[in-house]
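Student: A structural model of the following input is requested.
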Amino acid sequence: MGLILRVDIDKPYGNTTLVRKIASKLVEDFYAKPLFNSFGYLTHFANFLKTCNDYNVSGIMYHRICTIPNEAVMELIKKGNHKIGLHAENTRNLETFSNELNTFKSLLPDKNIAVESFSKHGSGKVKIGKYHYAPYEAEKYLEWAKQLNLKFPFGNEIGENENDFLQKNNFHKSVFWIERDYRSSTFNTLEQLVEVASIHDVGVLIHPCNYDSTKNVADDFHELIKMAKEKKIEWRLI
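Tutor: From the prediction side, this is the model:
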């Protein structure tokens, strides 16, 4: 059993400075497609991938259309044996989702890369982008996954206890967020996470933009890598 790393790549330019925040928002909402290699596109994500690769941590990288990997990032993804999935925004109905998925696949620089799964952008509380459909409807996505021969392995819920993190029918309804603000008051420590991961697979969620901009996110991720190694807990792929 072990840890399954889910990485949601939200920001094309990260959020470490005001300029990067504005650039990310402009591309997300008004251009909507990646500006490959311009103005430091995905450099924060590349740095995160280098950390993962240095420590042999493989994960599933979920990209929005505005954060599709360029060739340099794609090489890092291949080097680390990572997988690529869609971080879906326009989930209003099956047609809008399918259109987004097809656009995503068409823009990938390597057409031989399989897109096997997807995650949902946002947790249903607020609309966080022009193309974002806010409601979070996990049961609907699981049905779409069956119809399209995809996987929807992770929900966006915050686990309150060990049982919330257990996989049921190939689905983890809750993930452990590396970002501390999205942990519950009852299940919130890396020690608790590692204890469960020694018995069952647990999904772990991180956003590279926050890894790059928030010290405690980076610190906790590095500490988790260390703890997993000490406890001989594997990083697994779906």
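Student: distance from the chain centre to the strand ranked longest in the chain, please.
Tutor: With secondary structure taken from DSSP state E, the chain has its longest strand at strand 2-9. Relative to its chain's centre, strand 2-9 lies at 6 Å (CA atoms, centre = their mean, to the nearest Å).
Student: show me where the chain has its strands.
Tutor: Shown for the chain, the strands assigned by DSSP E span residues 2-9, 60-63, 83-88, 115-120, 154-158, 172-177, 202-206, 234-236.
Student: out of those, flag the one nearest Leu190.
Tutor: Closest to Leu190 of the strands of the chain, according to CB to CB: strand 172-177, at 8.7 Å. Every residue, glycine included, has its C-beta placed from N, CA and C.
Student: that closest one pairs with which strands?
Tutor: Looking at strand 172-177 with DSSP bridges, its partner strands are strand 154-158 (parallel), strand 202-206 (parallel).
Student: in TSV: those strands, plus mean pLDDT and mean neighbour count.
Tutor: Below are those laid out as TSV (pLDDT from 0 to 100; neighbours: other CB atoms under 10 Å):
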stretch	mean pLDDT	mean neighbour count
strand 154-158	96	21
strand 202-206	97	25
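Student: any chance of those strands in TSV, with distance to Pro12 too?
Tutor: As requested, these are exported to TSV (distance: least, CB to CB, whole Å):
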stretch	distance to Pro12
strand 154-158	21
strand 202-206	17
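Student: to Thr103, which of those lies closest?
Tutor: Between the strands paired with strand 172-177, strand 154-158 lies closest to Thr103; by CB to CB that is 22.1 Å.
Student: ok, back up a step: same list (the strands of the chain) but as TSV, adding distance to Asp212.
Tutor: Below are these laid out as TSV (distance: least, CB to CB, whole Å):
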stretch	distance to Asp212
strand 2-9	11
strand 60-63	15
strand 83-88	17
strand 115-120	19
strand 154-158	21
strand 172-177	16
strand 202-206	11
strand 234-236	20
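Student: can you count the residues close to Lys231?
Tutor: Neighbours of Lys231 under the rule other CB atoms under 10 Å: 12.
Student: start the count at 54, not 1, going forward
Tutor: Right, with 54 as the first residue, what we last looked at is Lys284.
Student: circling back to that earlier point, Ser91 is nearest to which of the strands paired with strand 225-230?
Tutor: Nearest of these to Ser91, taken as CB to CB: strand 255-259 at 25.0 Å.
Student: list the contacts for Trp288?
Tutor: The contact partners of Trp288, by CB atoms under 8 Å, 6 or more residues apart in numbering, come to 55-58, 109-112, 281.
Student: change it to 10 Å
Tutor: By CB atoms under 10 Å, 6 or more residues apart in numbering, Trp288 lies in contact with 55-58, 105, 108-112, 250, 257, 277-278, 281-282.
Student: sorry, back to before: tell me the strands beside the longest strand of the chain, with direction?
Tutor: Applying DSSP bridges, one finds strand 55-62 paired with strand 113-116 (parallel), strand 255-259 (parallel), strand 287-289 (parallel).
Student: mind giving me a markdown table with the ones you listed and columns for distance to Leu154?
Tutor: As requested, the strands paired with strand 55-62 are exported to a markdown table (distance: least, CB to CB, whole Å):
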| stretch | distance to Leu154 |
| --- | --- |
| strand 113-116 | 12 |
| strand 255-259 | 21 |
| strand 287-289 | 25 |
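Student: between the ones you listed, which one is closest to Asn209.
Tutor: Proximity to Asn209 (CB to CB) singles out strand 255-259 among those, at 8.2 Å.
Student: could you give the angle of the closest one to strand 168-173?
Tutor: Taking axes from the mean of the first three to the mean of the last three CA atoms, to 10 degrees, one finds strand 255-259 and strand 168-173 inclined to each other by 70 degrees.
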